[in-house]
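In: All I have is the shape, not the residue letters:
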């Protein structure tokens with residue numbers, strides 16, 4: 001087995017895992033609910049409308065979340081991935097610095113839409129997708145690389161393709177070929193935080209579409225290089241890792257990467273989450289009439305070094321504000337809440353004033369704890385002499401109850417109360433295998449009277 005390529009070994013490990021603990025299945029349901037929530041809420045944002053326009057006139061069997069009609073699988077996967085990423089509130093895997101759910105779920109929903117009779121467990125397929133993306137991403141990504149390349153664009157094709165191969169029931173050779181071909185599509189530049197442009201939103205769309213293409217090619221007999229990861233011109237070498245730092249494996253000692261995924265409370269960059277959370281706690285301790293004199297946040301290197309996170313403004317787009325730790329904290333302190341509406345206040349004088357009074361430094365302990373933990377420490381001094389300190393050792397994940405609440409609220413508003421109830425029932429049964437992905441995707445489509453109103 002010493003000469004087995006890394007892709008072949010990973011595929012054998014994925015295919016050999018047939019049983020998952022209930023906590024992992026429940027986590028997968030929460031991640032699916034989070035994806036659907038984000039996709040529904042983002043349906044009318046510009047990048048969502050732009051990606052959906054590509055599906056016009058190309059009918060098929062697949063759903064675009066929150067829309068009426070059925071569409072070509074590749075178009076639906078692209079549009080759904082962009083929607084899922086549209087709020088910047090998608091699930092996050094810190095070890096790989098990646099958002100894998102916005103690739104995995106669109107791929108699985110399109111595959112199930114084309115063939116509702118598939119018997120494989122869609123949640124188990126998703127868990128496999130998170131696993132390979134997490135393991136390869138941990139080994140591949142460095143802070144230096146993440147300043148140039150989008151981690152989701154590099155590991156997303158692997159995540160989506162393995163998840164899709166598991167749902168389709170591809171054999172070992174087909175799965176290796178599909179993954180090898182998908183590796184060839186790894187890409188995505190991190191120039192957008194510097195320019196304020198929209199490139200980021202489309203990265204998971206490219207990854208999802210390319211995953212489907214790789215799967216179709218493998219099914220038709222196309223061959224990919226099984227050494228596409230560790231070869232002399234493979235993924236690691238191509239992105240400057242001249243050799244594997246170690247040989248990744250899936251599910252080592254029973255550990256599952258999906259359990260390291262967290263669901264965001266704030267609709268902002270991963271690295272702004274803990275700072276916003278400690279700022280919210282501090283805002284609740286301030287007395288009426290207190291005026292902030294200084295703000296000092298302690299964080300870790302990766303947070304300050306990721307493109308856009310150390311930006312003080314001026315802010316021309318909501319995306320710039322969502323990436324900025326400075327803006328996220330200042331808006332939370334100014335408004336006393338973490339909310340999507342914060343990121344519309346790009347020229348708010350009070351937020352700008354608080355940014356001007358903020359400094360951020362690196363704490364050695366927090367730095368050492370990353371990526372296993374993403375902590376933050378905040379010290380605020382007021383003009384009146386009060387000192388407020390808040391700290392947390394790790395980011396706080398949105399609870400499953402909050403994720404479900406956000407989904408049902410968004411579904412009720414866009415899809416109607418009947419669909420809202422159907423989605424709630426479907427999610428309750430999905431962990432027990434009572435609802436398949438195709439059925440759930442149909443529940444997230446716009447139907448009936450509301451569909452007619454939108455078409456009008």
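Out: Received it, and whenever you're ready, just let me know what you need. Computed from a prediction, not measured in an experiment: that's the story for all the values here. Numbering: from 1, shown residues only.
In: So which other helices or strands are in contact with the helix or strand where residue 34 lies?
Out: If you go by DSSP states H and E, residue 34 is part of helix 22-41. Contacts of helix 22-41 with other secondary structure elements, assessed using 3 or more CB pairs under 8 Å, 6 or more residues apart in numbering; DSSP states H and E, are made with helix 73-85, helix 101-114, helix 122-140, helix 400-415, helix 417-430. All C-beta atoms are positioned from the backbone trio N, CA, C, and that covers glycine.
In: Quick check: next helix or strand after the last one?
Out: Later in the chain than helix 417-430, the nearest helix or strand by DSSP H and E is helix 437-443.
In: swap in the shortest one?
Out: Note on helix 73-85: by DSSP H and E, the next helix or strand toward the C-terminus is strand 92-93.
In: related to what we said a few turns ago, a markdown table please, covering the helices and strands packed on helix 22-41 and showing distance to residue 12, mean neighbour count and mean pLDDT.
Out: Putting the helices and strands packed on helix 22-41 into a markdown table (distance: least, CB to CB, whole Å; neighbours: other CB atoms under 10 Å; pLDDT from 0 to 100) gives the following:
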| stretch | distance to residue 12 | mean neighbour count | mean pLDDT |
| --- | --- | --- | --- |
| helix 73-85 | 27 | 30 | 98 |
| helix 101-114 | 21 | 31 | 96 |
| helix 122-140 | 12 | 26 | 97 |
| helix 400-415 | 32 | 19 | 96 |
| helix 417-430 | 28 | 17 | 90 |
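In: For those, give me CSV that also has distance to residue 292.
Out: CSV is the format used below for the helices and strands packed on helix 22-41 (distance: least, CB to CB, whole Å):
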stretch, distance to residue 292
helix 73-85, 33
helix 101-114, 36
helix 122-140, 38
helix 400-415, 28
helix 417-430, 41
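In: Let me know the secondary structure of residue 243.
Out: Taking DSSP: H, G, I helix; E, B strand; the rest coil as the rule, one finds residue 243 in the coil state.
In: confidence score at the residue lying closest to it once chain neighbours are set aside?
Out: Counting by CB to CB, 6 or more residues apart in numbering, residue 243 lies nearest to residue 236, which is 7.2 Å off, once chain neighbours are set aside. For residue 236, the model assigns a pLDDT of 96.
In: what about residue 236, neighbour count?
Out: Residue 236: 20 surrounding residues under other CB atoms under 10 Å.
In: Next: residue 294.
Out: Residue 294 sits with 13 neighbouring residues when counted by other CB under 10 Å.
In: name the element it belongs to?
Out: Assigned by DSSP H and E, residue 294 falls in strand 292-299.
In: so what strands line up beside that strand?
Out: Strand 292-299 has its sheet partners listed here by DSSP bridges as strand 358-362 (parallel), strand 376-382 (antiparallel).
In: Check the average confidence over the shortest one, would you?
Out: Read it as strand 358-362. Strand 358-362 shows an average pLDDT of 97 in the prediction.
In: Quick one: distance of that strand to the chain centre.
Out: 27 Å (CA atoms, centre = their mean, to the nearest Å).
In: correct me, but residue 107 touches residue 160?
Out: Yes: under the contact definition of CB atoms under 8 Å, residue 107 touches residue 160, with a separation of 4.1 Å.
In: can you list residues touching both of the two?
Out: In terms of CB atoms under 8 Å, 6 or more residues apart in numbering, residue 107 and residue 160 are both contacted by the residues 129, 208, 211, 212.
In: what domains does the record give for this structure?
Out: If the domains of the chain are taken from automatic domain parsing, they occupy 6-262, 270-392, with pieces of a single domain joined by a plus sign.
In: Turn these into TSV, columns for distance to residue 447.
Out: Rendered in TSV, the data for those read as follows (distance: least, CB to CB, whole Å):
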stretch	distance to residue 447
domain 6-262	7
domain 270-392	26
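In: Ok, which of those domains comes nearest residue 414?
Out: Proximity of those to residue 414 was assessed by CB to CB; the nearest stretch is domain 6-262, lying at 5.3 Å.
In: circling back: by contact count, what packs against the next helix or strand after the strand holding residue 294?
Out: Beyond strand 292-299 in the direction of the C-terminus, DSSP H and E gives the next helix or strand as helix 301-305. Judged by 3+ CB pairs under 8 Å, 6+ apart, helix 301-305 is in contact with helix 143-146, strand 358-362.
In: Need these in JSON lines (columns: mean neighbour count and distance to residue 35).
Out: Converted to JSON lines, the helices and strands packed on helix 301-305 look like this (neighbours: other CB atoms under 10 Å; distance: least, CB to CB, whole Å):
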{"stretch": "helix 143-146", "mean neighbour count": "15", "distance to residue 35": "23"}
{"stretch": "strand 358-362", "mean neighbour count": "15", "distance to residue 35": "31"}
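In: so which of those gets nearest residue 349?
Out: strand 358-362 (15.1 Å).
In: Give me the contacts around that closest one.
Out: Contacts to strand 358-362, defined as CB under 8 Å, 6+ apart, come from residues 294-301, 304, 310, 325-326, 329-330.
In: List buried residues within the residues you listed.
Out: 295, 297, 298, 299, 300, 304, 310, 325, 326, 329, 330 (16 or more other CB atoms under 10 Å).
In: Could you pull up the contacting residues of the fifth one?
Out: In other words, residue 300. Taking CB under 8 Å, 6+ apart, we find residue 300 in contact with 362, 363, 366, 367, 369, 370, 374, 375.
In: how close does it get to residue 355?
Out: Noted for residue 300: a distance of 20 Å to residue 355, by CB to CB, to the nearest Å.
In: same deal with the second one?
Out: Look at residue 297 and residue 355: by CB to CB, they are 12 Å apart.
In: what do you get for residue 290?
Out: Summarising the geometry, the distance separating residue 290 from residue 355, computed by CB to CB, is 18 Å.
In: before we move on, what about residue 25?
Out: Per CB to CB, residue 25 is found 43 Å from residue 355.
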